[in-house]
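Chemist: next comes the sequence, and after it the predicted model I'd like to discuss.
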Amino acid sequence: MFLRTASTGLLVALGALGAWAGTQALDAEPAPRSAPDAAPPESERSPQVPAAGPATASGPWSAEVQVSSGQTQAVGAVGQTLAVLPDGTRLIVWRGGGRGGTAVLSRSRDGVSWSAPTAIPGTEFTQSPNIAAAPDGTVHLIWGQRRGPKMTMLHMASRDGGRSWGGATQLSPYTTDQQRGQAIAIDDKGRVHVAWHLGDPQQGTTPATVWYTRSGPGGRGFSAPQQLGGSLAGHAAFPRLVLTGASGDVVAVPYRAQQDPPDWDVLVSVSRDGGKTFTTHTAVDTPFRDWDPEAWVDADDVIHLAWMTQRGGGKGVTVDYARSSDFGRTWTTPISLNQVTGRFPSWAADPDGRSAWLLWKDERDWGTPPCVGRERCADLIGAFTSNGGRTWTQPELFTDKGSVEVKFPSVTVDDQGQLHVMWSDRRQAVEQIFYQVRQSP
């Protein structure tokens, strides 16, 4: 079911966001690479995953480190909250506690000793801070901010490893509608791509919409926000994009949408001109609930898509994968990478743009006391591909915490191929932030 498509231009007028004038004009960008008008349909053999078998916690993992102080609650956020700079410096952000909490940052040169958590000035009343590092070492932070009944999306940058920050740039107007689900990605040209949803994503409410903006090279200037998907999207929310190793001329923004309420489907809005214009394709539309996707564009402009599917008949939730070599028009036959119920896939792509880890939450303990109801006792698990998703390693447990629920993971791969993982959990009286690193496969 891959027939539905729609196109959007640089601006789509819809409410306050459509009228938003943006900030400063984009710096001049290099001309995008030429691309064929009609790429051939996906004809490669469907990717393969090893036969089912027990996942094992193996491989050269470092010792686990607690990053937060332990004195106050420290909870991760949905999205990218971990970044590694070209010089190896690690940065982790989270929201500080209390009314009017700020984004909080801790940094480390070796992953063992971490600085005391420091509030980032200007980020009061923050919602879900996300962070990413550009190839030149610039650190970019985005967050939602609430002022009274209104919310907006903001951005600021640091050029000294998070020690000091420039002024905040407002990416969207203040509105009384929710602005959440933000995601950030940076391409090899240093352009910052940001997406989020506007409105309440719960069923039965006013339909939510997905919005996108991008900066010029070096993160300077942002475009006026544009809505993705238009009328095709229906009730759309939670965009997630990864551009590690990509030039940025091809940008793929996936999100869940309700084309057939109350069922969720997966749409992917694809740009071939660096985010100026998009064409939207229906990537996943099964009889089941398909939701919370994340896409990675690799160095060859192949789009790698992972998402969750709620299977019928008590079969749980699968983490599924497909790839597209023709800018989202067609996709390989989906495969399920998990062997037990799992949720929330996240990409950790190598800067080489051709290999990647895919991480998700493993819920093998769910359903056995005390892991019942909302207490899923989830751990983290992942699989690795060294050939652009054609084959995968057997899934490997990253954590095994028993009845402790591992929450809000974030993953990234550095220039040496090391996998960095952070999460929060409540094994102590209040939730705390933890970190580990794995050597390259």
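Modeler: Right, received. Where do you want to start? These numbers were taken from a predicted model, which means no experiment stands behind them.
Chemist: L91 contacts G162, correct?
Modeler: Yes. Using CB atoms under 8 Å, L91 is in contact with G162, at 5.2 Å. All C-beta atoms are positioned from the backbone trio N, CA, C, and that covers glycine.
Chemist: list the residues that contact both of the two?
Modeler: Residues touching both L91 and G162 (CB atoms under 8 Å, 6 or more residues apart in numbering) are 105, 107, 139.
Chemist: report the buried members of those residues.
Modeler: By neighbour count, with 16 or more other CB atoms under 10 Å, these hold 105, 107, 139 as buried.
Chemist: and those as TSV, adding pLDDT and secondary structure?
Modeler: Converted to TSV, the buried ones among the shared contacts of L91 and G162 look like this (pLDDT from 0 to 100; DSSP: H, G, I helix; E, B strand; the rest coil):
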residue	pLDDT	secondary structure
L105	97	strand
R107	97	strand
V139	97	strand
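Chemist: including distance to N387, could those residues go into CSV?
Modeler: Shown next, in CSV, are the buried ones among the shared contacts of L91 and G162 (distance: CB to CB, whole Å):
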residue, distance to N387
L105, 36
R107, 34
V139, 31
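Chemist: can you pull out the strands in the stretch 251-400 of the chain?
Modeler: 251-260, 263-271, 278-284, 289-297, 303-310, 317-324, 335-336, 342-349, 356-362, 379-385, 396-397 (DSSP state E, counting those that start in this stretch).
Chemist: adding distance to G181, mean neighbour count and mean pLDDT, write those strands out as JSON lines.
Modeler: Formatted as JSON lines, the strands of the stretch 251-400 of the chain follow (distance: least, CB to CB, whole Å; neighbours: other CB atoms under 10 Å; pLDDT from 0 to 100):
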{"stretch": "strand 251-260", "distance to G181": "8", "mean neighbour count": "26", "mean pLDDT": "90"}
{"stretch": "strand 263-271", "distance to G181": "14", "mean neighbour count": "26", "mean pLDDT": "94"}
{"stretch": "strand 278-284", "distance to G181": "17", "mean neighbour count": "24", "mean pLDDT": "96"}
{"stretch": "strand 289-297", "distance to G181": "10", "mean neighbour count": "25", "mean pLDDT": "95"}
{"stretch": "strand 303-310", "distance to G181": "15", "mean neighbour count": "25", "mean pLDDT": "96"}
{"stretch": "strand 317-324", "distance to G181": "19", "mean neighbour count": "24", "mean pLDDT": "96"}
{"stretch": "strand 335-336", "distance to G181": "25", "mean neighbour count": "16", "mean pLDDT": "95"}
{"stretch": "strand 342-349", "distance to G181": "13", "mean neighbour count": "23", "mean pLDDT": "95"}
{"stretch": "strand 356-362", "distance to G181": "17", "mean neighbour count": "26", "mean pLDDT": "96"}
{"stretch": "strand 379-385", "distance to G181": "21", "mean neighbour count": "24", "mean pLDDT": "96"}
{"stretch": "strand 396-397", "distance to G181": "28", "mean neighbour count": "18", "mean pLDDT": "92"}
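Chemist: I'd like these as JSON lines, with distance to H420 appended.
Modeler: Shown next, in JSON lines, are the strands of the stretch 251-400 of the chain (distance: least, CB to CB, whole Å):
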{"stretch": "strand 251-260", "distance to H420": "23"}
{"stretch": "strand 263-271", "distance to H420": "27"}
{"stretch": "strand 278-284", "distance to H420": "28"}
{"stretch": "strand 289-297", "distance to H420": "16"}
{"stretch": "strand 303-310", "distance to H420": "19"}
{"stretch": "strand 317-324", "distance to H420": "21"}
{"stretch": "strand 335-336", "distance to H420": "26"}
{"stretch": "strand 342-349", "distance to H420": "8"}
{"stretch": "strand 356-362", "distance to H420": "10"}
{"stretch": "strand 379-385", "distance to H420": "12"}
{"stretch": "strand 396-397", "distance to H420": "15"}
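Chemist: of all these, which lies closest to G229?
Modeler: strand 278-284 (4.7 Å; CB to CB).
Chemist: and the closest one, what does it pack onto?
Modeler: strand 5-8, strand 226-228, strand 251-260, strand 263-271, strand 289-297, strand 303-310, strand 317-324 (3 or more CB pairs under 8 Å, 6 or more residues apart in numbering; DSSP states H and E).
Chemist: show me where the stretch 51-200 of the chain has its strands.
Modeler: 65-66, 82-84, 90-95, 103-108, 118-119, 126-133, 139-147, 150-158, 169-170, 179-186, 192-198.
Chemist: in JSON lines: those, plus distance to S325.
Modeler: Below are these laid out as JSON lines (distance: least, CB to CB, whole Å):
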{"stretch": "strand 65-66", "distance to S325": "40"}
{"stretch": "strand 82-84", "distance to S325": "29"}
{"stretch": "strand 90-95", "distance to S325": "34"}
{"stretch": "strand 103-108", "distance to S325": "38"}
{"stretch": "strand 118-119", "distance to S325": "44"}
{"stretch": "strand 126-133", "distance to S325": "26"}
{"stretch": "strand 139-147", "distance to S325": "29"}
{"stretch": "strand 150-158", "distance to S325": "32"}
{"stretch": "strand 169-170", "distance to S325": "35"}
{"stretch": "strand 179-186", "distance to S325": "20"}
{"stretch": "strand 192-198", "distance to S325": "21"}
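Chemist: out of those, nearest to V413?
Modeler: Per CB to CB, nearest to V413 of the strands of the stretch 51-200 of the chain: strand 82-84, 8.1 Å.
Chemist: out of the buried ones among the shared contacts of L91 and G162, which comes closest to G97?
Modeler: L105 (14.7 Å).
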